[in-house]
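>>> predicted model and sequence follow; I will ask about them next.
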Amino acid sequence: MRSDRVIIESLAVETVIGVYDWEREIRQRLVLDLELATDIRAAAAADDIALTLDYAAISQRIARFADEQAFALVETFAERLASLLHDEFAIAGLTLTVRKPGAVAEAAAVGVRISREWS
Ligand SMILES: Nc1nc2c(c(=O)[nH]1)N=C([C@H](O)[C@@H](O)CO)CN2
């Protein structure tokens, strides 16, 4: 994986998520951290947004993805989102943390973290 990263931290999105019946009736907040592998040198040299990963555009797409989906597991949310980001933004690799705050009252947050690389 390349060593440069575009980062998105504590991105809050709303979605239907959960394994219990009552969770299918409500929308809940997930909080995401992303590290997106890229090479920033060309964008930096040309000072051109078109040559890098646009964190604003990616954040908007993630919010839309969350709005449209209704998974049971945070695992499924993470895996499907990683695949979408690879497909739509040509991201070579990522680390994605999905937190579900409040799901376990005694914990600040619970969730999953995945790392994926594509050749
Ligand atoms: N590994 C997981 N464990 C649990 C999940 C999950 O998505 N992944 N989900 C739940 C419930 O939906 C919970 O969040 C409701 O409070 C339980 N365990």
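It's in.
>>> the ligand versus residue 29, what's the distance?
The gap separating residue 29 from the ligand is 12 Å, by Cβ to the nearest ligand atom, to the nearest Å. Heads up, the C-betas are built off the backbone N, CA and C, glycines and all.
>>> try residue 92
With distances taken as Cβ to the nearest ligand atom, residue 92 is found 27 Å from the ligand.
>>> that residue - how many residues pack around it?
The tally of other residues near residue 92 (other Cβ atoms under 10 Å) stands at 16.
>>> hmm, it is touching residue 53, no?
No - taking contacts as Cβ atoms under 8 Å, residue 92 lies outside contact range of residue 53: 10.0 Å.
>>> identify the contacts common to those two.
Residues touching both residue 92 and residue 53 comprise residue 38, with contact defined as Cβ atoms under 8 Å, 6 or more residues apart in numbering.
>>> can you give me the neighbour number for the nearest residue to residue 72 once chain neighbours are set aside?
Using Cβ to Cβ, 6 or more residues apart in numbering and skipping the chain neighbours, the partner closest in space to residue 72 is residue 19 (4.8 Å). For residue 19, the count of nearby residues is 10 (other Cβ under 10 Å).
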